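>>> Need a 3D model of the sequence below.
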Amino acid sequence: MREPIWPLLQPSLTDLPRGPHGLARERVTGSQRQRLLYAMTVVVAEKGYIAATVADVTARAGVSRKTFYELFGDKEECFIAAAETGRELMVRRLGASFARSSAQSLSRVATLRASIHAFLELITEEPEFAKAFFLETATAGGRAQEHQDSCRSWFAESMRAWHARIPGHRRVPHENYMAAADATHEAVCRCLRQGRIDEVPALEDAVLHICLALLGVPDLAEDAGEGEPGEA
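Numbers count the residues shown, from 1 in each chain. Sure, this is the predicted structure:
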């Protein structure tokens, strides 16, 4: 049975008991940190990184300003922590989805399509995460941008691993994998900038075509179920 999907970065312990509660200090601090990361994501999605303030974040999280600065040096550090945590959770969820697709009896191209579908579906299911980290990371710049670049590199490496499993596949430059990741990222960002997040899943055919074209894989193989380059 598939595990239930919980929103990325959503705190697992949202309301701490009032008064003496016997909870370990580590759990209390962990809960406060989770709430601040989630609040940062929501506030940045709503207001943008520049306009978001520490006061906005602490108010949304229900955490004191004093506690915020005990956990983070400033707004940038909190945003970067949220970006890093969100990226790790996204990669973990997509990795599990990709593994399920690979385990099924699908053609190579159909496996790639299923993986792209899972990625685009995640974006649609996570509007705050998508808006905050696909659109606002460039504004935050610096270290935050490095985390987004890591996401694109992971996408590119996943594409390379898929491509390498095609018997007789034609070698392509590393830049082709990165170009596929960059094109996918920009297509998603365009929908987000225009307030069309519900249309992100409709990018599936375009993203698949771009990836196959850049990797030199004929998309006719999907319809045949077999016939990828080099397969009997």
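
>>> residue closest to the middle of the chain?
Geometric centre of the chain, nearest residue: M90, 4.4 Å, by Cα atoms, centre = their mean.

>>> mind checking the SS state of that residue?
For M90, the assignment made with DSSP: H, G, I helix; E, B strand; the rest coil gives helix.

>>> cool, S101 as well?
From three-state DSSP, the assignment for S101 is helix.

>>> That one and A114 touch, don't they?
Yes: counting by Cβ atoms under 8 Å, A114 is a contact partner of S101 at 3.9 Å. The C-beta positions use only the backbone N, C-alpha and C, and glycine is treated the same way.

>>> burial count for the closest residue to S97 other than its chain neighbours?
Closest residue to S97 apart from its sequence neighbours, by Cβ to Cβ, 6 or more residues apart in numbering: A118 at 3.9 Å. A118 has 17 neighbours, counted by other Cβ atoms under 10 Å.

>>> Break down the protein into its helices, ranges please.
Here the chain has its helices, by DSSP state H, at 25-47, 54-61, 65-71, 75-103, 108-125, 127-130, 137-140, 142-164, 174-193, 204-215, 220-224.

>>> Now do Y69 against T58, distance only.
10 Å (Cβ to Cβ, to the nearest Å).

>>> For burial, what's the neighbour tally of the closest residue in space to A187 that isn't next to it in sequence?
Distances taken as Cβ to Cβ, 6+ apart put L203 closest to A187, at 5.2 Å, once the chain neighbours are dropped. L203 has 19 neighbouring residues, counting by other Cβ under 10 Å.

>>> And the pLDDT for L203?
We note a pLDDT of 97 for L203 in this prediction.

>>> who's more crowded, Y69 and T58?
T58 (21 against 14).

>>> What score does that one have for pLDDT?
So, for T58, pLDDT stands at 97.
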